[in-house]
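Chemist: please work out how this folds:
(chains A and B)
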Amino acid sequence: MRIEAWAQAITADAKLRGLFQLIPLLNGLVQATQTLRLADWNESADQDDQENVIAAKGSD
Amino acid sequence: MTQELCLRTIAELAPQVEAGAISALELTDACLEQITRREADLNAFIVVDGDGARATASRADNEIAIGRYRGPLHGIPISVKDMIAVTGLPTTAASRIRPTTPAQHDATIVANLRAAGAVVLGKCNLHEFAFGTTGEDSAFGPTRNPHDTSRSPGGSSGGSAATVAAGMSYGSVGTDTGGSIRIPSAACGVVGLKPGFGELSCGGVVPLSRSLDHVGPLARSVVDAWLLYRVMGGKNPTLPLEFTTRKELRLGLPRRHFMDHLDPQVRGQFNDALDRLVDAGVTISDVDVPHAGEIAAVYLHIVLPEAMTYHSKTLNSRPEDYTPGVRLRLEMGRYILAEDYLRAQHGREILRREVTEALTDHDALVLPTLAIPAPPFGIESVTVDGLTDSVRNLTLRLTQVFNLTGHPAISIPVGNTATALPCGLQLVGHANQTVDLLTVARYVEETIR
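Modeler: Numbering: from 1, shown residues only, chains lettered A, B, ... in the order given. Presented below is the predicted three-dimensional model:
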């Protein structure tokens, strides 16, 4: 799920449930999720598998 | 005399108990009298089982008198965090959610402690369900720091740390999911050990986050922590302990991230300790955890959904029975997507490798335990070295990564601020080498004293 849509959905759900004090915490969570998704160790189908790169280096 | 007695270490007292020079009942009564003196101010216990403790102590004295000494914990009064089952007492987790019926069985670690003859004095207060680092959110009211009652004792095992620091028990048993043994140990000036992941059984312990949960001891010295740790694991240690003499000790200091934002007085105490270690011949070299900047994000995406899963049913049916702060944090766990939980698990493996790599050619890592001294009650955020962050984030900043990676870690006292608030030094050992870490910790404790 794209992060913008997810952020909107969780904020709307918190409001619907009357949990307005949760919203600042959810803002922090969204920032943390962005950090997580931008980390350079995330795998991607259009790049070499980092696990295999590490294994290949180890067998040199 | 009684107050002096209740502030001594297990290692000092055990030979006297064995020799009959002092009785288990005297030790138990010393703790109970200290509880009478301090508990109204500290609120460290949820329940004190004075009659049960005195009966157990009397049995211990009878056994010792006829030559049935079980080992260094025989007749030693201890306290237990109220996340951990003790037969005959409710396991409240400091919450209105938990059943009020007494536990039918001891947790495995408690059973091991009792088999070694330890005397359980009572159950300690904590941050509700161990989901917080200040102790402010408890159905039984907050525990207060013995060094300054306007401040938090740290958490979540704040009651445990307070009982040890204030002489109300000779040791305690806590849980640590992001730093909950080490943080209050640092804030209260005691020793706290988080062993390696899975070393000690969590059977009979209320879970917070099953892949991050650890149990371990809080004590007045590294040797006492060692004794409690071995007994909790079903071993039978004997005194005097045989520690390997440390020569050419090599410590790695992960400066980036871990030293970036520290209270100046915490930094000063830590640097003074490093100077004393260097003067003693210890080699300290810089190491790096390249993805340290992602620790908090990785931790959050694992702890939140794992905690929420356990609480899902009661969050739906009885949300008002949680303290507001804990309820809100649990609610956040509902919103973590599976894809992000899996990303976090991948990041966790990267961090595990990086911490292992940082330990290469070193006996242990050395870093502060807590970036700030014990915080005053009622504050939400703190500014340290230009970084303004929540108290929760700042208190977890230096400890949570070792719950992710499972490496053993210990906090030992490292001096006080100008206002007499304790600071902690953290040592992190190689995976599955907790005894080696304790050996290093004992050397460091003696060197910086």
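Chemist: what's the pLDDT at residue 60?
Modeler: Went with chain A since none was named. Looking at residue A:60, its pLDDT stands at 44.
Chemist: please refer instead to chain B.
Modeler: 98.
Chemist: counting contacts, what elements does the helix or strand it falls within pack onto?
Modeler: If you go by DSSP states H and E, residue B:60 is part of helix B:50-65. Helix B:50-65 sits against helix B:24-42, strand B:119-124, with contacts defined as 3 or more Cβ pairs under 8 Å, 6 or more residues apart in numbering or on different chains; DSSP states H and E. Any C-beta I mention is one placed from the backbone N, CA and C, and that applies to glycine too.
Chemist: now do the SS call for residue B:234.
Modeler: Judged by DSSP: H, G, I helix; E, B strand; the rest coil, the three-state class of residue B:234 is coil.
Chemist: ignoring the adjacent residues along the chain, who's closest to it?
Modeler: residue B:112 (5.0 Å; Cβ to Cβ, 6 or more residues apart in numbering or on different chains).
Chemist: what about the helices in chain A?
Modeler: A:3-16, A:22-38, A:50-58 (DSSP state H).
Chemist: adding distance to chain B and mean neighbour count, write these out as TSV.
Modeler: As requested, these are exported to TSV (distance: least, Cβ to the nearest Cβ, whole Å; neighbours: other Cβ atoms under 10 Å in any protein chain shown):
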stretch	distance to chain B	mean neighbour count
helix A:3-16	4	14
helix A:22-38	4	17
helix A:50-58	9	10
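Chemist: looking at the ones you listed, which is closest to residue B:49?
Modeler: helix A:22-38 (37.8 Å; Cβ to Cβ).
Chemist: outside of the closest one, which residues touch it?
Modeler: A:3, A:6-7, A:10-11, A:14-15, B:293-294, B:296-298, B:300-301, B:304, B:328-329, B:331-332, B:335-336, B:340, B:343-344, B:347 (Cβ atoms under 8 Å, 6 or more residues apart in numbering or on different chains).
Chemist: can I get it in CSV, CA atoms only?
Modeler: C-alpha atoms of helix A:22-38 as CSV (Å, rounded to 0.1, in the frame of the first residue of the first chain):
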residue,chain,number,x,y,z
LEU,A,22,-3.8,9.0,18.6
ILE,A,23,-3.4,11.3,15.6
PRO,A,24,0.0,12.9,16.7
LEU,A,25,1.3,9.4,17.5
LEU,A,26,0.2,8.2,14.0
ASN,A,27,2.0,11.2,12.5
GLY,A,28,5.2,9.9,14.1
LEU,A,29,4.5,6.4,13.0
VAL,A,30,4.1,7.6,9.4
GLN,A,31,7.6,9.2,9.6
ALA,A,32,9.0,6.0,11.0
THR,A,33,7.4,4.0,8.2
GLN,A,34,8.9,6.4,5.6
THR,A,35,12.3,5.9,7.2
LEU,A,36,11.9,2.1,7.1
ARG,A,37,10.8,2.1,3.4
LEU,A,38,13.7,4.3,2.4
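Chemist: now it against helix A:3-16, angle please.
Modeler: 160 degrees (axes from the mean of the first three to the mean of the last three Cα atoms, to 10 degrees).
Chemist: ok now helix A:22-38, how far from the chain's centre?
Modeler: 8 Å (Cα atoms, centre = their mean, to the nearest Å).
Chemist: show me which residues of the stretch 201-350 of chain B are close to chain A?
Modeler: B:291, B:293-294, B:296-298, B:300-301, B:304, B:324, B:328-329, B:331-332, B:335-337, B:339-340, B:343-344, B:346-347, B:350 (Cβ under 8 Å from any Cβ of the partner chain).
Chemist: how close does the residue nearest in space to the middle of chain B sit to chain A?
Modeler: Closest to where the C-alpha atoms of chain B average out (Cα atoms, centre = their mean) is residue B:181, at 1.7 Å. Here residue B:181 is placed at a distance of 24 Å from chain A (Cβ to the nearest Cβ, to the nearest Å).
Chemist: residues in contact with that residue?
Modeler: By Cβ under 8 Å, 6+ apart, residue B:181 lies in contact with B:157, B:160, B:174, B:175, B:192, B:193, B:194, B:214, B:216, B:217, B:218, B:411.
Chemist: and for residue B:60?
Modeler: B:24, B:74, B:75, B:117, B:119.
Chemist: nearest spatial neighbour of the first one, skipping sequence neighbours?
Modeler: Nearest-residue entry for residue B:24: residue B:75, 2.8 Å, with adjacent residues in sequence omitted and distances by Cβ to Cβ, 6+ apart.
Chemist: thank you kindly, that will do.
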